[in-house]
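>>> quick one: sequence plus predicted model below, questions after.
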Amino acid sequence: MERNAAPLVAAERPMLEGWLEFERATLALKCAGLAPEQLAMRSVPPSTLSLLGLVRHMAEVERYWFQRCLAGADRPPIYRTDAERDRAFDGAEPASAAEDLATWEAECASSRSVVAGIDSFDTIGARSWRDGEISLRWILVHMIEEYARHNGHADLLRQRIDGAVGV
């Protein structure tokens, strides 16, 4: 995935979409060039976080906010269950790395499609969150924050795996 800088001066849509794409691409770059075993490595004990776990979590988050909350689609969680709320993180295994990366990419594509079909950032999601309405604008800002926070985790995980920094 190519990473382009978000615009420095732009209208709201290209600015927010540009930042979200930048953050998505950053996570992809943090995972690039690693073997499945490295992607699933929990390199900062006692944390169970891995790069693959972050990818799985972000696939889940993409589906939740854009498809379920915004569009109102009846799409079940990908990894999470009632019994295993952290399964996206804890279930990351080398054998599923290629499939998990493809799932994340597909969820990002679905999210882009949902957003492209909405004209106004003031559009209210089909489902509320914590008993309150949420707008497309809120979801985009939240997703930028979610990726940025987890990309900070990815920085540390990647550095512990092979020393790579600054990607």
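Right, received. Where do you want to start?

>>> residue 20 versus residue 148, what's the distance?
Look at residue 148 and residue 20: by C-beta to C-beta, to the nearest Å, they are 10 Å apart. For glycine as for every other residue, the C-beta is placed from the backbone atoms N, C-alpha and C.

>>> could you check which of the two has the larger neighbour count?
The neighbour comparison of residue 148 against residue 20 (other C-beta atoms under 10 Å) goes to residue 20, with 23 against 14.

>>> pull out the buried residues from the helix or strand harbouring that one.
If you go by DSSP states H and E, residue 20 is part of helix 12-31. For helix 12-31, burial by neighbour count (16 or more other C-beta atoms under 10 Å) applies to 16-31.

>>> now swap in stretch 43-54 and tell me
For stretch 43-54, a neighbour-count test (16+ other C-beta under 10 Å) marks 43, 49-54 as buried.

>>> give me the contacts around the lowest-mean-pLDDT helix or strand in the chain.
Least confident helix or strand, the chain: helix 87-90 with a mean of 92, by mean pLDDT, DSSP states H and E. Outside helix 87-90, the residues that touch it by C-beta atoms under 8 Å, 6 or more residues apart in numbering are 48-50, 53-54, 56-57, 59-60, 78-81, 84.

>>> can you dump the C-alpha atoms of that helix in PDB for me?
Output of helix 87-90 as PDB, limited to C-alpha atoms (Å, rounded to 0.1, in the frame of the first residue of the first chain):
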ATOM      1  CA  ARG A  87     -10.300 -12.600  20.300                       C
ATOM      2  CA  ALA A  88      -9.100 -10.200  17.600                       C
ATOM      3  CA  PHE A  89      -5.900  -9.700  19.600                       C
ATOM      4  CA  ASP A  90      -5.600 -13.000  21.400                       C
END
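
>>> from the chain's centre, how far out does it sit?
Averaging C-alpha positions (C-alpha atoms, centre = their mean, to the nearest Å) puts helix 87-90 14 Å from its chain's average.

>>> next, the contact list for the nearest residue to residue 89 once chain neighbours are set aside, please.
Spatially, and ignoring its direct neighbours in sequence, residue 89 is nearest to residue 53 (3.9 Å; C-beta to C-beta, 6 or more residues apart in numbering). By C-beta under 8 Å, 6+ apart, the residues touching residue 53 are 40, 42, 88-92.

>>> top of these by number of neighbours, please.
Neighbour counts for the contacts of residue 53 peak at residue 92, which has 26 neighbours (criterion: other C-beta under 10 Å).
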